[in-house]
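**Q** sequence? don't have it. structure:
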(Lines give C-alpha, C1' and ligand atoms only; values in the text may rest on other atoms or scores of the structure.)
Protein backbone atom coordinates (compact mmCIF):
# COMPACT_ATOMS: atom_id res chain seq x y z
CA UNK A 1 0.00 0.00 0.00
CA UNK A 2 3.00 2.28 -0.25
CA UNK A 3 4.85 4.03 2.57
CA UNK A 4 3.52 4.31 6.10
CA UNK A 5 2.10 7.81 5.74
CA UNK A 6 0.23 6.91 2.55
CA UNK A 7 -1.10 3.75 4.20
CA UNK A 8 -2.40 5.66 7.21
CA UNK A 9 -4.14 8.21 4.97
CA UNK A 10 -5.79 5.40 3.04
CA UNK A 11 -6.79 3.63 6.26
CA UNK A 12 -8.72 6.70 7.41
CA UNK A 13 -10.56 6.92 4.08
CA UNK A 14 -10.84 3.23 3.16
CA UNK A 15 -14.30 2.38 4.43
CA UNK A 16 -15.83 5.59 3.07
CA UNK A 17 -14.23 5.07 -0.35
CA UNK A 18 -15.29 1.41 -0.39
CA UNK A 19 -18.89 2.27 0.43
CA UNK A 20 -18.97 4.83 -2.38
CA UNK A 21 -17.44 2.36 -4.85
CA UNK A 22 -19.82 -0.46 -3.89
CA UNK A 23 -23.00 1.59 -3.77
CA UNK A 24 -24.03 0.65 -7.29
CA UNK A 25 -23.01 -3.03 -7.22
CA UNK A 26 -24.66 -4.41 -4.06
CA UNK A 27 -21.43 -4.77 -2.07
CA UNK A 28 -22.83 -7.22 0.52
CA UNK A 29 -24.01 -9.58 -2.21
CA UNK A 30 -20.65 -9.36 -4.00
CA UNK A 31 -18.74 -10.11 -0.79
CA UNK A 32 -21.09 -13.01 0.04
CA UNK A 33 -20.47 -14.48 -3.41
CA UNK A 34 -16.73 -13.95 -3.06
CA UNK A 35 -16.11 -15.53 0.36
CA UNK A 36 -19.36 -16.98 1.70
CA UNK A 37 -18.80 -20.54 0.48
CA UNK A 38 -15.06 -20.81 1.17
CA UNK A 39 -14.17 -23.60 3.59
CA UNK A 40 -11.19 -24.72 5.63
CA UNK A 41 -8.21 -22.43 6.11
CA UNK A 42 -8.37 -19.20 4.11
CA UNK A 43 -5.80 -16.45 3.64
CA UNK A 44 -7.01 -13.00 2.59
CA UNK A 45 -4.22 -10.92 1.08
CA UNK A 46 -4.49 -7.19 1.71
CA UNK A 47 -7.49 -7.57 4.01
CA UNK A 48 -7.68 -3.83 4.65
CA UNK A 49 -10.00 -2.93 7.51
CA UNK A 50 -11.66 -6.36 7.40
CA UNK A 51 -14.76 -5.54 5.35
CA UNK A 52 -14.97 -9.10 4.00
CA UNK A 53 -14.72 -10.81 7.39
CA UNK A 54 -18.45 -10.74 8.32
CA UNK A 55 -19.26 -12.62 5.09
CA UNK A 56 -17.22 -15.76 5.77
CA UNK A 57 -19.99 -18.23 6.61
CA UNK A 58 -18.24 -21.60 6.24
CA UNK A 59 -14.50 -21.10 6.73
CA UNK A 60 -12.85 -22.53 9.82
CA UNK A 61 -9.92 -20.12 10.09
CA UNK A 62 -9.21 -16.89 8.21
CA UNK A 63 -5.74 -15.32 8.22
CA UNK A 64 -6.07 -11.65 7.29
CA UNK A 65 -2.78 -10.37 5.87
CA UNK A 66 -2.45 -6.58 5.98
CA UNK A 67 0.79 -4.53 5.97
CA UNK A 68 -0.81 -1.25 7.08
CA UNK A 69 -0.92 -0.72 10.85
CA UNK A 70 -3.70 1.84 10.35
CA UNK A 71 -5.81 -0.75 8.52
CA UNK A 72 -5.11 -3.50 11.05
CA UNK A 73 -6.20 -1.23 13.90
CA UNK A 74 -9.69 -1.02 12.38
CA UNK A 75 -10.22 -4.78 11.93
CA UNK A 76 -11.55 -5.49 15.47
CA UNK A 77 -14.55 -3.31 14.72
CA UNK A 78 -15.59 -5.76 11.98
CA UNK A 79 -15.40 -8.96 14.05
CA UNK A 80 -18.74 -8.96 15.88
CA UNK A 81 -20.64 -12.07 14.86
CA UNK A 82 -17.89 -13.36 12.56
CA UNK A 83 -18.10 -17.16 12.19
CA UNK A 84 -14.50 -18.34 11.68
CA UNK A 85 -11.48 -17.83 13.87
CA UNK A 86 -9.67 -14.75 12.53
CA UNK A 87 -5.96 -14.07 12.81
CA UNK A 88 -4.58 -10.71 11.64
CA UNK A 89 -0.92 -10.53 10.68
CA UNK A 90 1.50 -7.88 9.42
CA UNK A 91 2.88 -9.07 6.08
CA UNK A 92 2.87 -8.29 2.38
CA UNK A 93 1.61 -10.40 -0.49
CA UNK A 94 5.13 -10.59 -1.92
CA UNK A 95 6.41 -12.33 1.23
CA UNK A 96 3.80 -14.56 2.87
CA UNK A 97 5.18 -16.11 6.08
CA UNK A 98 3.50 -19.49 5.63
CA UNK A 99 4.61 -22.99 4.64
CA UNK A 100 3.92 -24.38 1.20
CA UNK A 101 0.38 -25.68 0.59
CA UNK A 102 -0.93 -24.27 3.88
CA UNK A 103 -4.34 -22.97 2.74
CA UNK A 104 -7.49 -24.29 1.10
CA UNK A 105 -8.41 -20.90 -0.37
CA UNK A 106 -7.16 -17.35 -0.82
CA UNK A 107 -8.95 -14.05 -1.36
CA UNK A 108 -7.94 -10.86 -3.19
CA UNK A 109 -10.37 -7.93 -3.26
CA UNK A 110 -9.23 -4.94 -5.33
CA UNK A 111 -5.68 -5.77 -4.29
CA UNK A 112 -3.77 -6.91 -7.36
CA UNK A 113 -3.93 -3.50 -9.02
CA UNK A 114 -1.94 -1.90 -6.19
CA UNK A 115 0.70 -4.45 -5.18
CA UNK A 116 4.26 -3.52 -6.10
CA UNK A 117 5.14 -6.86 -7.71
CA UNK A 118 2.13 -8.63 -9.20
CA UNK A 119 4.02 -11.73 -10.31
CA UNK A 120 5.63 -12.16 -6.90
CA UNK A 121 2.25 -11.93 -5.14
CA UNK A 122 0.65 -14.46 -7.49
CA UNK A 123 3.58 -16.85 -7.06
CA UNK A 124 3.28 -16.59 -3.28
CA UNK A 125 -0.48 -17.22 -3.38
CA UNK A 126 0.13 -20.21 -5.67
CA UNK A 127 2.79 -21.52 -3.27
CA UNK A 128 0.69 -21.35 -0.10
CA UNK A 129 -2.44 -22.86 -1.69
CA UNK A 130 -2.97 -26.60 -1.68
CA UNK A 131 -3.17 -28.25 -5.13
CA UNK A 132 -6.65 -27.52 -6.39
CA UNK A 133 -6.97 -24.62 -3.94
CA UNK A 134 -9.00 -21.60 -5.00
CA UNK A 135 -8.10 -17.93 -5.28
CA UNK A 136 -11.39 -16.02 -5.08
CA UNK A 137 -11.01 -12.49 -6.43
CA UNK A 138 -12.70 -9.22 -7.37
CA UNK A 139 -10.35 -7.10 -9.47
CA UNK A 140 -10.19 -4.72 -12.40
CA UNK A 141 -7.94 -5.31 -15.40
CA UNK A 142 -6.62 -3.54 -18.46
CA UNK A 143 -9.25 -2.86 -21.08
CA UNK A 144 -8.83 -3.56 -24.79
CA UNK A 145 -8.43 -1.24 -27.75
CA UNK A 146 -8.28 2.53 -27.43
CA UNK A 147 -9.34 2.53 -23.78
CA UNK A 148 -6.58 0.09 -22.88
CA UNK A 149 -4.01 2.32 -24.58
CA UNK A 150 -5.38 5.30 -22.66
CA UNK A 151 -4.96 3.33 -19.44
CA UNK A 152 -1.33 2.65 -20.37
CA UNK A 153 -0.71 6.37 -20.82
CA UNK A 154 -2.56 7.38 -17.65
CA UNK A 155 -1.16 4.76 -15.29
CA UNK A 156 1.97 6.69 -14.14
CA UNK A 157 -0.23 9.61 -13.01
CA UNK A 158 -3.09 7.53 -11.62
CA UNK A 159 -0.64 5.43 -9.64
CA UNK A 160 0.43 8.60 -7.81
CA UNK A 161 -3.04 9.95 -7.07
CA UNK A 162 -5.01 6.72 -6.52
CA UNK A 163 -2.98 5.04 -3.78
CA UNK A 164 -0.79 3.06 -6.16
CA UNK A 165 -3.59 1.74 -8.39
CA UNK A 166 -2.44 0.63 -11.86
CA UNK A 167 -5.47 0.40 -14.18
CA UNK A 168 -3.48 -1.28 -16.97
CA UNK A 169 -2.59 -4.47 -15.10
CA UNK A 170 -2.98 -7.62 -17.21
CA UNK A 171 -3.94 -9.57 -14.13
CA UNK A 172 -5.78 -12.49 -15.71
CA UNK A 173 -2.92 -13.23 -18.10
CA UNK A 174 -0.44 -13.15 -15.22
CA UNK A 175 -2.61 -15.52 -13.17
CA UNK A 176 -2.62 -18.02 -16.03
CA UNK A 177 1.14 -17.67 -16.51
CA UNK A 178 1.65 -18.38 -12.80
CA UNK A 179 -0.19 -21.70 -12.99
CA UNK A 180 -3.82 -20.87 -12.25
CA UNK A 181 -6.87 -21.96 -14.24
CA UNK A 182 -9.00 -18.80 -14.27
CA UNK A 183 -12.79 -18.75 -14.38
CA UNK A 184 -14.35 -15.29 -14.77
CA UNK A 185 -17.87 -14.24 -13.91
CA UNK A 186 -19.76 -11.64 -15.88
CA UNK A 187 -18.24 -8.13 -15.84
CA UNK A 188 -19.33 -6.12 -12.81
CA UNK A 189 -20.72 -2.72 -13.77
CA UNK A 190 -19.81 0.04 -11.33
CA UNK A 191 -21.98 3.16 -11.26
CA UNK A 192 -20.53 5.70 -11.44
CA UNK A 193 -17.65 4.05 -13.27
CA UNK A 194 -14.23 5.24 -12.05
CA UNK A 195 -12.42 7.10 -14.83
CA UNK A 196 -10.04 4.94 -16.89
CA UNK A 197 -10.63 1.97 -14.58
CA UNK A 198 -12.00 -1.45 -15.46
CA UNK A 199 -13.45 -3.69 -16.63
CA UNK A 200 -14.16 -5.25 -13.22
CA UNK A 201 -14.57 -8.99 -12.71
CA UNK A 202 -15.20 -11.42 -9.90
CA UNK A 203 -13.91 -14.92 -10.46
CA UNK A 204 -11.88 -17.86 -9.24
CA UNK A 205 -8.39 -19.06 -10.08
CA UNK A 206 -7.67 -22.70 -9.32
CA UNK A 207 -4.13 -23.75 -8.44
CA UNK A 208 -2.91 -26.37 -10.87
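**A** Happy to help now that I have it. Because the structure is predicted, anything quoted here is derived from the model rather than measured.

**Q** quick one: furthest residue from the center of this protein?
**A** With distances taken from the mean C-alpha point of the chain and given as CA atoms, centre = their mean, the most distant residue is residue 146, at 26.5 Å.

**Q** Need the pLDDT of that one.
**A** The model reports residue 146 with a pLDDT of 94.

**Q** Am I right that it falls within a strand?
**A** No - counting by DSSP: H, G, I helix; E, B strand; the rest coil, residue 146 falls outside a strand, being helix.

**Q** what residues are up against residue 81?
**A** Residue 81 makes contact with residue 54, according to CB atoms under 8 Å, 6 or more residues apart in numbering. Where you see a C-beta, it was placed from the backbone N, CA and C, and this is true even at glycine.

**Q** Dihedrals phi and psi, residue 183?
**A** Comment: the main-chain dihedrals of residue 183 come out as phi -130, psi 110, following degrees, to the nearest 10.

**Q** Make sure residue 204 is actually in contact with residue 136.
**A** Yes - applying CB atoms under 8 Å as the test, residue 204 and residue 136 come out as touching, 5.5 Å apart.

**Q** Look at those two and report which has more neighbours.
**A** Between residue 204 and residue 136, counting by other CB atoms under 10 Å, residue 136 is the more crowded of the two (22 against 16).

**Q** separation between that one and residue 44?
**A** Residue 136 sits 9 Å away from residue 44, going by CB to CB, to the nearest Å.

**Q** Need the residues touching each of the two.
**A** Jointly contacting residue 136 and residue 44 under the rule CB under 8 Å, 6+ apart are 35, 106-108.

**Q** Flag the shaky bits of this structure, pLDDT-wise.
**A** 1-9, 24, 192 (pLDDT under 70).

**Q** Buried residues, the biggest strand by length in the chain. List them.
**A** Of all the segments of type strand in the chain, defined by DSSP state E, the longest one is strand 129-140. Residues of strand 129-140 classed as buried under the neighbour-count rule (16 or more other CB atoms under 10 Å) are 129, 133-140.

**Q** Show me which pair in those residues is furthest apart.
**A** Across the buried residues of strand 129-140, the longest distance by CB to CB is 23.4 Å; it joins 133 and 140.

**Q** Show me the helices in this protein, by range?
**A** Chain-ordered helices for the chain, with DSSP state H as the definition, fall at 4-22, 27-35, 69-74, 118-128, 145-161, 171-178.

**Q** Can you redo these as JSON lines, where the extra columns are distance to residue 54?
**A** Compiled in JSON lines, the helices of the chain are given as follows (distance: least, CB to CB, whole Å):
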{"stretch": "helix 4-22", "distance to residue 54": "13"}
{"stretch": "helix 27-35", "distance to residue 54": "8"}
{"stretch": "helix 69-74", "distance to residue 54": "13"}
{"stretch": "helix 118-128", "distance to residue 54": "23"}
{"stretch": "helix 145-161", "distance to residue 54": "31"}
{"stretch": "helix 171-178", "distance to residue 54": "26"}
